[in-house]
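Colleague: next one to model:
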Amino acid sequence: MPESVATAPTAAPLPYATLLAFTRYVDRTGPAKATFVGGLRKQRASRSGFNPHGQLVKALKTDIAFRTGGRHLAEIAGVVKPRWRPLYEALVPGAVSYLHSLGDLSTVELAQTHDALGMVGDLPVKVNPHLGLRYDDGRREAVRLHFDEQPPSQEALLATLHLMGRQMDQVLPGAEPVLVDVRRGVAHHWDAAVRSDQVERWLAGEAAAFTAIWSTAA
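Modeller: Below you'll find the predicted structure:
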């Protein structure tokens, strides 16, 4: 009989989070944190996941690049798959409102951004803006979009803007981090009165707890 061949056990995935996942984690409390991290760990192990917002981001960037005033955003809900149509119908009005808030589009253009991997304590967090903007007056913005039904909490805002800001030399040098609440068309900017060192300590503690939960999750 042929000898049996032992199969090496699959290595457990190392702790890791995207910016979206980590900010959603810090927004949770109590047992919900452990449940959330356990789900992320399983998703990472199975390499599953899907982004339903890609076509909206593309339409927004096209309207900015070609100064089309929201035409591509207005059309996108009619061309996505039927299952995503209600989502896009809810998102498009706010996205158009944000587009108009940029003012004269002849004075703004898309800027190339880069994803960055930042360490929060021992936890790698992928910082990935959706788009970059460059204005005629020299200002730059690295923009992250928030698509959820509820507005971003104060914790989510602080975490997102801080983590983007600390990696800005890699993401888009000289840019300001911006979080846009798409459904409401509102752009959130960093509050200069907030102490970055306090936010950093808070996030380091959250990252340590995230890593501990990840290591013990089944």
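
Colleague: what about the closest residue to Tyr135 other than its chain neighbours, how many residues nearby?
Modeller: Leaving aside its sequence neighbours, Tyr135 sits nearest to Val108 (Cβ to Cβ, 6 or more residues apart in numbering; 5.2 Å). (C-beta placed from N, C-alpha, C; glycine too.) Around Val108 there are 19 other residues, counting by other Cβ atoms under 10 Å.

Colleague: could you measure from Val108 over to Asp137?
Modeller: 10 Å (Cβ to Cβ, to the nearest Å).

Colleague: then Trp202?
Modeller: For Trp202, the distance to Asp137 equals 34 Å [Cβ to Cβ].

Colleague: got the contact list for the closest residue to Arg183 other than its chain neighbours?
Modeller: Of all residues not flanking Arg183 in the chain, Gly94 sits nearest, at 4.6 Å (Cβ to Cβ, 6+ apart). By Cβ atoms under 8 Å, 6 or more residues apart in numbering, the residues touching Gly94 are 181-185.

Colleague: go again with 10 Å.
Modeller: Shown in contact with Gly94 (Cβ atoms under 10 Å, 6 or more residues apart in numbering): 73, 147, 180-186.

Colleague: Trp202 and Asp137: which is more packed in?
Modeller: Higher neighbour count among Trp202 and Asp137: Trp202, with 15 against 7, using other Cβ under 10 Å.

Colleague: that one falls within a helix, correct?
Modeller: Yes - secondary structure of Trp202 (DSSP: H, G, I helix; E, B strand; the rest coil): part of a helix.
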